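Visitor: Sequence and computational prediction follow.
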Amino acid sequence: MKKTLLNLISLPKRERLESYIDKAISFYGSNFSLEFTNDSLSSFSREVIDSSSSNGPVPLGKIIISKLGKTEQALVHEILHMVLPLQTEFYVSEKTNADMYNFTPVLNNIVEHELILKDFLALGYSIDDFLHQGFNKTNYGFLKNEPPLYWKYEYFRIVMTKNHVNNIKKKEGEKAIAEMKKYGIQRHPTLEASFKDIYVWIKMFKEDFSISHAQKISLLLRLFEIGEPKQYLSPNGSMQLAVNNF
């Protein structure tokens, strides 16, 4: 597995990437896999294997890389996602009944971009290659009847993501925020307060290091009113996860 991954990395960067790959292989062990797809987007998944072992549940990691576009940059992006739980001590939280659309992993993915971008750039890659998609031109006027959860997600996604793109795309993000807020608040006036609360959370996430990553995620889910999970999993050595209470 290690050789396969390193062969997808350009020679000048292999030495820098090797430690990240070693961490991933050590943590996921034989439950770590790599696949390729003809879809335009690459992705990762962090799942759990139920285990009757007294040591607790076992992590299952998979990276799916698009054959289209820049394979190396996409692979590095996903590897950084895979090893991030070793830094944040947060693997995944339980799914709540209120989270009917499975928003929790989507929100967490956006949050993790804030944490892995620094390493992506330090490894010598360009911010232009960090995200496959920027800000699609969305006609929010046609979406004005969408429920508040949609608008909260769009606001959170754009405000966070505009810090993960180049300056040209950042300006596109600022325009998207203004238009999105206009139509969202017009349809749901209470969103004005919700947007302010989300902005405060983003500021806290970036600046307050006295709160654990798990606690920050719990607060975020509360803002989105998609339930409050009682437990989350964290890395607990090689191929092991620990169950924690929030």
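Guide: Good, I have the coordinates.

Visitor: So which other helices or strands are in contact with the helix or strand of the chain with the lowest mean pLDDT?
Guide: Ranking every helix and strand in the chain by mean pLDDT, DSSP states H and E puts strand 92-93 at the bottom, with a mean of 84. Judged by 3 or more CB pairs under 8 Å, 6 or more residues apart in numbering; DSSP states H and E, strand 92-93 is in contact with strand 43-49, helix 103-122, helix 213-223, strand 231-235. C-beta here means a position set from N, CA and C on the backbone, and glycine is covered the same way.

Visitor: closest one to residue 147 among these?
Guide: Closest to residue 147 of the helices and strands packed on strand 92-93, according to CB to CB: helix 103-122, at 12.2 Å.

Visitor: So which residue is dead centre in this protein?
Guide: residue 109 (1.4 Å; CA atoms, centre = their mean).

Visitor: Quick check: it vs residue 198, distance?
Guide: From residue 109 across to residue 198, the span is 16 Å (CB to CB, to the nearest Å).

Visitor: again with residue 232
Guide: Separation of residue 232 from residue 198 (CB to CB): 21 Å.

Visitor: Next up, phi/psi of the residue nearest to residue 103 when sequence neighbours are not counted, please.
Guide: Distances taken as CB to CB, 6 or more residues apart in numbering put residue 226 closest to residue 103, at 5.3 Å, once the chain neighbours are dropped. Per-residue torsions, residue 226: phi -120, psi 30 (degrees, to the nearest 10).

Visitor: Let the chain start at 499 from now.
Guide: Happy to do that; since the first residue is 499 now, the last one works out to residue 724.

Visitor: my read: residue 724 touches residue 602, true?
Guide: Yes - under the criterion of CB atoms under 8 Å, residue 724 makes contact with residue 602 at 6.8 Å.

Visitor: list the residues that contact both of these two?
Guide: Residues touching both residue 724 and residue 602 by CB atoms under 8 Å, 6 or more residues apart in numbering: residue 594.

Visitor: which stretches of this protein have low pLDDT?
Guide: Scanning the chain with the threshold set as pLDDT under 70 gives 549-552, 593, 595, 597-599, 631-632.

Visitor: can you pull out the helices in it?
Guide: Using DSSP state H, the helices found in the chain span residues 500-505, 509-526, 569-581, 583-586, 601-620, 646-659, 665-685, 689-705, 711-721.

Visitor: dump the residue contacts of the nearest residue to residue 566 once chain neighbours are set aside.
Guide: In space, and not counting its chain neighbours, residue 566 is closest to residue 538: 5.5 Å by CB to CB, 6+ apart. By CB under 8 Å, 6+ apart, the residues touching residue 538 are 564, 566-567, 630.

Visitor: now do residue 658
Guide: Going by CB under 8 Å, 6+ apart, residue 658 touches 608-609, 611-612, 700.

Visitor: Now compare those residues and name the two farthest from each other.
Guide: Among these, 611 and 700 lie farthest apart (CB to CB), at 12.3 Å.

Visitor: Surely residue 543 touches residue 559?
Guide: Yes - assessed by CB under 8 Å, residue 543 is found in contact with residue 559 at 7.2 Å.

Visitor: In terms of neighbours, single out the busier of those two.
Guide: Using other CB atoms under 10 Å as the criterion, residue 543 and residue 559 rank with residue 559 on top: 24 against 14.

Visitor: Who are the contact partners of the closest residue to that one other than its chain neighbours?
Guide: Of all residues not flanking residue 559 in the chain, residue 526 sits nearest, at 4.1 Å (CB to CB, 6+ apart). Applying CB under 8 Å, 6+ apart to residue 526 gives the contacts 557-559, 580, 737.
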